[in-house]
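[1] This is a predicted model, with the sequence first.
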Amino acid sequence: MERILIDETPKLIGQVVKLQGWVNIRRDHGKLIFIDLRDRSGKIQMVIIPDKEDAHRAAKEIRSEYIIEVEGLVKARPGGAKNEKIPTGGVEIEVERLDVISKPEVELPVDISVEELNLNLDTLLDNRTLVLRNEKVKAIFKIYAEMIGAYARIVKQEGFLEIKTPKILDSATEGGANFFKIKYFDKDAYLAQSPQFYKQAGVGIFERVFEVGSVFRAEPHYTTRHVNEYIGLDAEMGFIGGFEDVMAELEKVMAYVMVEVSRNCQNELEAYGAQIMPVEKIPRMKLTEALDILDKEYGKKMDEVDIDAEGERLICEWVKKNHNSDFVFLTHYPTNIRPFYSMPSPDPQYTETFDLLFMGVEIASGGQRIHNYGQLVASMKKHKLDPEEFRHYLDIFKYGIPPHGGWGLGSERIVQKILGLGSIKEAILFPRDVKRLTP
Ligand code: AMO
């Protein structure tokens, strides 16, 4: 008999089927044994009656996370016994044969059969391979997969070509100190802090490019929104009239992504009580205006023209109240806190750049880039960088490139915020932070 998936059972009432999967939990009611079985398609209740002696004997040994194969009759559950919460809640399997395929070798350190795990972050992460089997935890990654899938669909529709760029580099792309230096044979190398240089090279070739790829940041911070390896959703586009074009494109992308996630992940969102608001026009304000609002409305003063995590949270709160938007673009960041490749504004103290904030946290940075060779070399020198070290990057501009710009989106922060997760690490299968290189 061919294996079928659990989600096919409702249309097979009256037939004997073969299922394979994981035991979520076993419950005994007198002589009846109930087992909740799950596979990649869903979950179903099975009942083992004493008359099926072999199956009943085997079922008595079953524990959570045993991997089993069963043959049994699909039966409709009587009205009162239906489980409305799951699509297969109207049927159950009366088991005729049960075999163990594989089983845990040890006592399970956490009970993952429960709906709410209520574990602290370290326990969630230390026992990752097991914890990830929990239904509610798995929902995070279904949403994550939908989100990056939707991202790729919309940017492709918009004419961006997907590229993959090297992650071992001979120089640090984003400047600052948060890069990992590694040994590369007899040289030093750096793990990519972003695909910045290569996506700009991509514009010179394909005009519009995007990448979904690993980004490495040696952030010493131990926060709820930083990790040391994350997946960046980058894009870069040529022939722009200004950085407003980049924001308009990103707005279109976020609107599509949010619609797709809310349409295709209803059950998963519901498990977290999360609701996605449709994205319309995303409000835009200069960083200096935002700082003004923080000062006047919240009594929060910043020492310099910059915004911190608390400021981002408060400005999002203000935008939600005054513009009913979960998103806001902050624009015109000062030159001294933006990378050397950022296009200066007509007032050269500022840059043609933006951050996109979502539900209290920065999820993207972007802007227009300097595309003139001489101007770029001058900017490097101003940022105390040696143009000689960037000669291959500079080739892009030596050979000519159109005005261009783009963005880098942090994928995990989007899911963290949609679901209201306490830490970004919950939105990563196997996160890396200052203290965590395993599992
Ligand atoms: P930036 O450095 O702001 O910009 O990074 C872009 C986005 O990446 C996410 N992010 C992080 N997520 C988790 N952990 C971290 N340590 C972390 N650091 C950054 C954030 C952030 O908004 N090259 C530019 C982008 C561009 O201009 O195209 C860049 O990398 O969501």
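    In hand now; what should we look at? Numbers count the residues shown, from 1 in each chain.

[2] was I right about R128 contacting F430?
    Yes - in terms of CB atoms under 8 Å, R128 counts as a neighbour of F430; the distance is 6.0 Å. Glycine gets a C-beta too; all of them are placed from N, C-alpha and C.

[3] Looking at the two, which has the bigger crowd around it?
    Using other CB atoms under 10 Å as the criterion, R128 and F430 rank with R128 on top: 18 against 14.

[4] residue contacts, the more buried one?
    R128 is in contact with L429, F430, P439, counting by CB atoms under 8 Å, 6 or more residues apart in numbering.

[5] Next one: T351 from the ligand, what distance?
    10 Å (CB to the nearest ligand atom, to the nearest Å).

[6] Offset the numbering so it begins at 451, please.
    Okay, using 451 as the starting number, the last item reads as T801.

[7] Setting the sequence-adjacent residues aside, check what's closest to that residue.
    Counting by CB to CB, 6 or more residues apart in numbering, T801 lies nearest to S792, which is 4.1 Å off, once chain neighbours are set aside.

[8] these two touch, right, the one you found and T785?
    Yes - S792 is within contact range of T785, at 7.2 Å (criterion: CB under 8 Å).

[9] Enumerate the positions of stretch 604-615 that are buried.
    Neighbour-count burial for stretch 604-615, counted by 16 or more other CB atoms under 10 Å, picks out I604, V605, F610, I613, T615.

[10] hang on, the earlier thing: name all residues that make contact with the residue nearest to T801.
    S792 neighbours (CB under 8 Å, 6+ apart): Y783, T785, T801, E802, T803, G817, Q818, R819, I820.

[11] neighbours of the last one, just the number please.
    I820 is surrounded by 22 other residues when neighbours are defined as other CB under 10 Å.

[12] for the fifth one, same thing?
    T803 has 29 neighbouring residues, counting by other CB under 10 Å.

[13] What of the second one?
    Burial of T785, expressed as a neighbour count using other CB under 10 Å, amounts to 20.

[14] Any idea what the residue lying closest to it once chain neighbours are set aside is bridged to?
    Taking CB to CB, 6+ apart, and ignoring the residues beside it in sequence, T785 has T801 as its nearest neighbour in space, at 5.5 Å. Under the criterion DSSP bridges, T801 forms beta bridges with P794.

[15] Quick check: T801 touching R788?
    Yes - with contact defined as CB under 8 Å, T801 reaches R788; the gap is 4.7 Å.

[16] intersection of neighbour lists for these two?
    Common neighbours of T801 and R788 (CB under 8 Å, 6+ apart) are G817.

[17] which of these two has more neighbours?
    Neighbours per residue (other CB under 10 Å) separate T801 from R788, with T801 holding more: 26 against 20.

[18] what sits against the more buried one?
    H782, Y783, P784, T785, R788, S792, M793, P794, S795, G817.

[19] and the residue in the stretch 751-889 of the chain that the ligand sits nearest to, what are its phi and psi?
    Proximity of the stretch 751-889 of the chain to the ligand (CB to the nearest ligand atom) peaks at G860, 2.4 Å away. Note on G860: its backbone torsions stand at phi -90, psi 110 [degrees, to the nearest 10].

[20] One more: I512?
    Torsion angles, degrees, to the nearest 10, at I512: phi -70, psi 140.

[21] hmm, back to that, show me which pair in the contacts of T801 is furthest apart.
    Farthest pair in those (CB to CB) is P784 and M793. Separation: 13.3 Å.

[22] Neighbour count: those two, which is higher?
    Just comparing P784 and M793: by other CB under 10 Å the higher neighbour count belongs to M793, 23 against 17.

[23] Verify the stated contact: that one with L826.
    No - if you go by CB under 8 Å, M793 and L826 don't touch, sitting 10.0 Å apart.

[24] between these two, what contacts are shared?
    Listed contacts common to M793 and L826 are I820; contacts here mean CB under 8 Å, 6+ apart.

[25] dump the residue contacts of the nearest residue to E511 once chain neighbours are set aside.
    Sequence neighbours aside, V550 is the residue nearest to E511 in space, at 7.6 Å (criterion: CB to CB, 6+ apart). With contact taken as CB under 8 Å, 6+ apart, V550 is in contact with A508, E511, I512, Y516, I517, I518.

[26] Residue numbers of this structure in contact with the ligand?
    Residues of the chain lying close to the ligand (CB under 6 Å from any ligand atom) are 624, 644, 646, 667, 669, 676-677, 680, 682, 684, 812-817, 856-858, 860, 863, 874.

[27] Show me those residues that map onto helices.
    Secondary structure from DSSP state H places Q646, R863 of those in helices.

[28] hmm, which of the residues of the chain next to the ligand are the buried ones?
    For the residues of the chain next to the ligand, buried by 16+ other CB under 10 Å: 624, 644, 646, 667, 669, 676-677, 680, 682, 684, 812-817, 856-858, 860, 863, 874.
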